[in-house]
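Visitor: predicted model follows, preceded by the sequence.
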Amino acid sequence: MLLDLKREAYEANIALPKQGLINLTFGNASAIDRAQGIFAIKPSGVDYDALRPEDMVLVDLEGKKVEGALNPSSDTPTHRRLFLAFASIGGVVHTHSSCATAWAQAGRAIPCFGTTHSDYFYGEVPVTRKMTAQEISTAYEWETGNVIVERFAGIDPLDCPAVLVNRHGPFTWGQTVAKAVENAIALECCAHMAQMSLALTSGLTSIEPELLNKHFKRKHGPGAYYGQKKA
């Protein structure tokens, strides 16, 4: 079972540079086994071309390394905080993809301007507040998770499976880590389209609620009808 978990995390990690979401070693992906309370995550600073499934590091929800010869990603505490806070998620992805990171660095949420965005995110993709000097100087990665959780008060994390950490970059998640990767791809696409839309129409307003609801709910929730029924 844990070998499968490592393989799942590995495949998610190597998908990130293939999808143009990663430069150098920026970013990471993790997958959790909820029954065992263990997640697999990319080792810190290892080049994606050199990455192997057995390199994935296993960590429990108390932050203890369970298995692995290498050090886990420096962002491990952020992933752990999200797994603890969002019980419905099975994987987390962090990238520094260019367009989404530009919005994060600007401290701006990504507005929902059209149906492509609505298919994945129920409204704007939120941005966190800036972290305080104390948060940065103490348990920085854990506190990064805390500002995300704080921002999602009252928001279902599966209604908007993405966030922009102010001055930093995007995190996405999903019920599986493969879905978290898909959401990271969609986020970068939507961030790019939002930038282009604003360049064309500077005063553009958000999508109409009726169209947002139609597109999101035809793919998500009990009344969803997009795609094929699972056998």
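Guide: Here it is on my side, so go on.
Visitor: report the secondary structure element holding the residue lying closest to Pro161 once chain neighbours are set aside.
Guide: Sequence neighbours aside, Asn183 is the residue nearest to Pro161 in space, at 4.8 Å (criterion: Cβ to Cβ, 6 or more residues apart in numbering). All C-beta spots, glycine's among them, are computed from the backbone N, C-alpha and C. Assigned by DSSP states H and E, Asn183 belongs to helix 177-200.
Visitor: how about that helix: buried residues?
Guide: Within helix 177-200, the residues that qualify as buried by neighbour count (16 or more other Cβ atoms under 10 Å) are 177-194.
Visitor: what's the average pLDDT for that helix?
Guide: For helix 177-200, mean pLDDT is 98.
Visitor: which parts of stretch 2-14 count as buried, going by neighbours?
Guide: By 16+ other Cβ under 10 Å, the buried positions in stretch 2-14 come out as 5-6, 8-10, 12-14.
Visitor: ok, and what's touching it?
Guide: 28-33, 36, 38-42, 48, 51-56, 58, 67, 91, 93, 176-178, 180-181 (Cβ atoms under 8 Å, 6 or more residues apart in numbering).
Visitor: so of those, which ones are in strands?
Guide: 28-33, 38-41, 58, 67, 91, 93 (DSSP state E).
Visitor: output those residues as CSV; include the columns neighbour count, pLDDT and distance to Asn213.
Guide: Output for the ones in strands among the contacts of stretch 2-14, formatted as CSV (neighbours: other Cβ atoms under 10 Å; pLDDT from 0 to 100; distance: Cβ to Cβ, whole Å):
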residue, neighbour count, pLDDT, distance to Asn213
Asn28, 26, 96, 34
Ala29, 32, 98, 31
Ser30, 33, 98, 32
Ala31, 28, 98, 31
Ile32, 26, 98, 31
Asp33, 16, 98, 35
Ile38, 19, 98, 38
Phe39, 28, 98, 34
Ala40, 32, 98, 36
Ile41, 27, 98, 35
Leu58, 20, 98, 41
Glu67, 13, 93, 45
Gly91, 27, 98, 27
Val93, 33, 98, 26
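Visitor: re earlier: so which of the buried residues of stretch 2-14 are in helices?
Guide: When DSSP state H is applied, the buried residues of stretch 2-14 are split such that 5-6, 8-10, 12-14 fall in helices.
Visitor: would you mind giving the residues you listed as TSV with distance to Ser118 and pLDDT added?
Guide: Output for those, formatted as TSV (distance: Cβ to Cβ, whole Å; pLDDT from 0 to 100):
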residue	distance to Ser118	pLDDT
Leu5	32	97
Lys6	35	97
Glu8	28	98
Ala9	30	98
Tyr10	32	98
Ala12	25	98
Asn13	29	97
Ile14	30	97
